[in-house]
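Visitor: below are the sequence and a predicted model for it; my questions follow.
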Amino acid sequence: MAKAYASTVIDAPADEVWARIRDFNGLPEWTGGLVSSSEIEEGKTGEQVGCVRHLTLGDGTSIRERLLEHSDDTRSYTYNFETTPFDVENYHATMRVTPVTDGDRSFIEWWTTFDCDRDRIAEWQGVFANDVFGGGFKALKAQFGG
């Protein structure tokens, strides 16, 4: 099983950052064009475990993801791919916001584990860690003046 990981620090309190990203359906609002649309299926909300979101990425790619865990206590959620055009399997991702008490900042982590052909692990790690997670963090930081 492969893993891709990214983290950053944002100069804003953890509760404020979590409030911006906690809605599983809210990616278009904070990812800076990486995700152009998101729709929760079956009339559920973006905080209901088990809900499925249908994403359209900025390049037109379509993905369906299921919310597996959502916690305001730990400021985190976990999800998987239900359908994806990417050549990976068993994709499970988590995003978590943790307070940095020195300066009232936020430490944000986003990671995934997945399976793919051995010769493509580095490629997919780069896509997920740098393009997806890193791109999302860059857009999020900009919203908080960073």
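Guide: Now that the structure is in, tell me what you want to look at. Numbering: from 1, shown residues only.

Visitor: which element is the residue most central in space within the chain on?
Guide: Using CA atoms, centre = their mean, the residue of the chain that lies closest to the mean C-alpha position is Met95, 5.6 Å off. For Met95, the host element (DSSP states H and E) is strand 89-100.

Visitor: same thing with Glu29?
Guide: Going by DSSP H and E, Glu29 is in helix 27-30.

Visitor: pull out the buried residues from the helix or strand following that helix.
Guide: On the C-terminal side of helix 27-30, the closest following helix or strand by DSSP H and E is strand 35-40. Neighbour-count burial for strand 35-40, counted by 16 or more other CB atoms under 10 Å, picks out Val35, Ser38, Ile40. Using the backbone N, CA and C atoms, a C-beta is placed for each residue, glycine as well.

Visitor: tilt between whatever helix or strand comes next after strand 35-40 and strand 35-40?
Guide: As assigned by DSSP H and E, the chain's next helix or strand after strand 35-40 is strand 52-57. Computed by axes from the mean of the first three to the mean of the last three CA atoms, to 10 degrees, the angle separating strand 52-57 from strand 35-40 equals 170 degrees.

Visitor: which strands and helices sit next to strand 52-57?
Guide: strand 35-40, strand 62-71 (3 or more CB pairs under 8 Å, 6 or more residues apart in numbering; DSSP states H and E).
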